[in-house]
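S.K.: below is the sequence, then the predicted model.
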Amino acid sequence: MLPLIAADVASRLESLDVDPMFEPDKDHDLSKLPAAFAKMTALKSLTLRATAGRPLAFPVFSPEECRLLLDAAPPSLETLTLHKVEPCNTAGAPVPFELMADCLGMAANLTCTFSGGLLACVRLEDKELPLKGATQAQLGAFWARALLPSRKLGPRLPRLLLDIVLVVDGDEGGDEGEGELPVDDPDPAGTLLARCDEVRLWHLEVDAGCSVAAVQHTARLYGLPARISHARGMVPSGGVRLRQEDSPPLSTSGREPPTAPLPPALPPLPPALPAEVVQRAVERLAAAGSSPRGLKPLLLLRGKTMQTLLTDRNRLRSWVREVASWVKTPLENGVSTESFWLLPTAGAVVINFGRGIRAHKAAELAAGELQRQAQERAPNPAAAARPIQALPTGSFYGMSVESAIDEVLQALWDGKEEGGPGPATGSREGELARLRWLLETWEGLKGLVTCERIDL
């Protein structure tokens with residue numbers, strides 16, 4: 001369509017947004033676009049959306065197509081936006097939906113702004129619903145083909161904004177065969193970062209088997225991310241916000257100059273205390289109360305009985321199955337007692353009764369029966385004197401064990417509670433030291449909080 005625009009019309013265009021959804025089954029020849037763009041001498045804003053070329057495929061621009069479109073940008077262009085780009089898609093072919101899980105899965109938007117005919121800012125964005133993150137090797141392979149060879153990249157790139165999930169997998173060299181591209185430069189990501197005046201990273205995800213040193217190395221390259229999390233299931237935590245997204249990352253460049261002076265010595269940080277984090281999380285669950293409309297009602301169990309049961313896992317499992325069976329008959333339809341959390345250092349167990357109003361009733365029913373039994377065994381009204389405390393919990397928004405731990409870690413990181421890494425230092429080395437405290441606390445949590453399914 002674009003090559004068919006008359007020259008006199010093309011020369012007057014200032015903004016152009018091309019949506020191939022009007023022709024979803026047509027495979028457009030991008031090689032004809034440079035000649036079409038050359039006629040658009042007044043164009044300031046250009047948005048292009050990839051076309052699948054055939055049904056049931058995920059439309060993406062390949063790295064080579066990104067470079068083609070970058071180099072074809074007319075001198076007047078201020079902003080170029082490409083929806084979507086896929087770093088692991090090497091040949092430019094559409095990625096079938098059934099293969100997306102095996103691919104990188106980062107279908108991101110690429111937005112480039114220009115000044116004086118050269119790139120002033122490059123932004124890669126995948127924040128709405130990121131399927132997967134990109135490793136540094138995968139991302140670097142994309143830059144090696146899409147950006148580093150482009151004649152629009154000058155000696156320096158003022159800003160690189162990575163609003164994506166960057167995965168630290170502990171393998172700095174990458175592993176070809178895992179959806180990564182073979183490249184001549186062993187570290188294309190580092191090559192690009194060294195040319196950047198400012199780098200901002202949105203989200204850093206720590207993969208299984210990744211060391212604290214590998215995470216800190218990545219943070220040195222990209223600056224402190226706005227958010228950090230562990231791969232799902234590694235630790236009972238959904239992540240921590242390290243800084244506000246619009247705040248500076250305390251790194252003006254991807255690489256420190258070799259002549260940079262050494263920073264002053266930092267005061268030692270307090271030791272990581274993961275058991276204290278678990279204890280505070282349990283207190284948060286106890287204080288949350290129970291909402292009839294809670295998304296995921298829980299039953300928090302504490303007391304001497306639980307402390308004894310936690311020393312014998314097989315006996316504990318049998319006891320939890322018995323508690324779950326109490327609610328199966330009276331609330332047979334729609335109740336699924338899914339799992340339970342073991343928090344031995346806090347002397348607590350948390351049972352998950354599923355979702356919805358019936359699940360809330362199940363938690364209330366089980367709590368009532370346990371409290372009745374506790375009252376019979378220890379009539380003292382003081383809760384601490386009873387052999388067991390049964391507290392239905394779970395706020396309207398669905399507080400969970402993970403979210404309670406997240407709240408504690410966030411409060412410690414922000415300095416709102418005692419025992420954390422101290423206040424923000426305002427220096428990169430200081431924030432990296434605080435980051436190490438968080439990573440070591442995460443490591444300690446791995447053995448203190450476990451989740452098991454309930455098989456009735």
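M.R.: The structure has been received and is ready for your questions.
S.K.: how near is the residue nearest to Ser45 when sequence neighbours are not counted to Trp442?
M.R.: Distances taken as Cβ to Cβ, 6 or more residues apart in numbering place Ser15 nearest to Ser45, at 4.3 Å, with adjacent residues excluded. Where C-beta positions appear, they are placed from N, C-alpha and C, glycine not excepted. Between Ser15 and Trp442 the computed distance is 47 Å (Cβ to Cβ, to the nearest Å).
S.K.: who has more neighbours out of these two?
M.R.: Between Ser15 and Trp442, Trp442 has the larger neighbour count (other Cβ atoms under 10 Å), namely 25 against 12.
S.K.: buried ones in whichever strand or helix holds the more buried one, by neighbour count?
M.R.: Taking DSSP states H and E as the criterion, Trp442 maps to helix 428-445. Along helix 428-445, these residues count as buried under the neighbour rule (16 or more other Cβ atoms under 10 Å): 428, 430-445.
S.K.: thinking again about what came up before, contacting residues for the residue nearest to Ser45?
M.R.: Applying Cβ atoms under 8 Å, 6 or more residues apart in numbering, we find Ser15 in contact with Leu43, Lys44, Ser45, Leu46.
S.K.: then Val277?
M.R.: By Cβ under 8 Å, 6+ apart, the contact set of Val277 is Ile405, Val408, Leu409, Leu412, Thr441, Leu445.
S.K.: go with 7 Å
M.R.: Ile405, Val408, Leu409, Thr441, Leu445 (Cβ atoms under 7 Å, 6 or more residues apart in numbering).
S.K.: about what we covered before: distance between the helix holding Trp442 and the chain's centre?
M.R.: 17 Å (Cα atoms, centre = their mean, to the nearest Å).
S.K.: same question for stretch 435-455.
M.R.: Averaging C-alpha positions (Cα atoms, centre = their mean) puts stretch 435-455 17 Å from its chain's average.
S.K.: next: stretch 420-429.
M.R.: 22 Å.
S.K.: can you report the mean pLDDT over the residues of it?
M.R.: The average of the pLDDT scores along stretch 420-429 is 86.
S.K.: ok so, going back, quick one: the contacts of Ser15 as TSV, columns for secondary structure too.
M.R.: Listed next are these as TSV, based on DSSP: H, G, I helix; E, B strand; the rest coil:
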residue	secondary structure
Leu43	coil
Lys44	coil
Ser45	strand
Leu46	strand
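S.K.: quickly check the residues you listed for the two that are furthest apart.
M.R.: Lys44 and Leu46 (8.2 Å; Cβ to Cβ).
S.K.: quickly list what's touching both of those two.
M.R.: Common neighbours of Lys44 and Leu46 (Cβ under 7 Å, 6+ apart) are Leu77.
S.K.: who's more crowded, the two?
M.R.: Neighbour comparison, Lys44 and Leu46: the larger count goes to Leu46, with 24 against 15 (by other Cβ under 10 Å).
S.K.: tell me what Val168 is bridged to.
M.R.: Beta-bridge partners for Val168, by DSSP bridges, are Val206.
S.K.: just the helices from the stretch 351-456 of the chain, written as ranges.
M.R.: Using DSSP state H, counting those that start in this stretch, the helices of the stretch 351-456 of the chain run over 356-377, 401-414, 428-445.
S.K.: including distance to Leu298, could those go into CSV?
M.R.: As requested, the helices of the stretch 351-456 of the chain are exported to CSV (distance: least, Cβ to Cβ, whole Å):
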stretch, distance to Leu298
helix 356-377, 7
helix 401-414, 8
helix 428-445, 19
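S.K.: for Asp169, which of the ones you listed is the nearest?
M.R.: Of the helices of the stretch 351-456 of the chain, nearest to Asp169 by Cβ to Cβ is helix 428-445, at 15.1 Å.
S.K.: lowest-pLDDT helix or strand in this protein?
M.R.: Lowest by mean pLDDT, DSSP states H and E among the helices and strands of the chain is strand 95-96, with a mean of 47.
S.K.: adjacent strands (with direction) for the very next helix or strand once past that strand?
M.R.: Counting by DSSP H and E, the next helix or strand C-terminal to strand 95-96 is strand 108-115. Its sheet considered, strand 108-115 pairs with strand 79-85 (antiparallel), strand 118-125 (antiparallel) by DSSP bridges.
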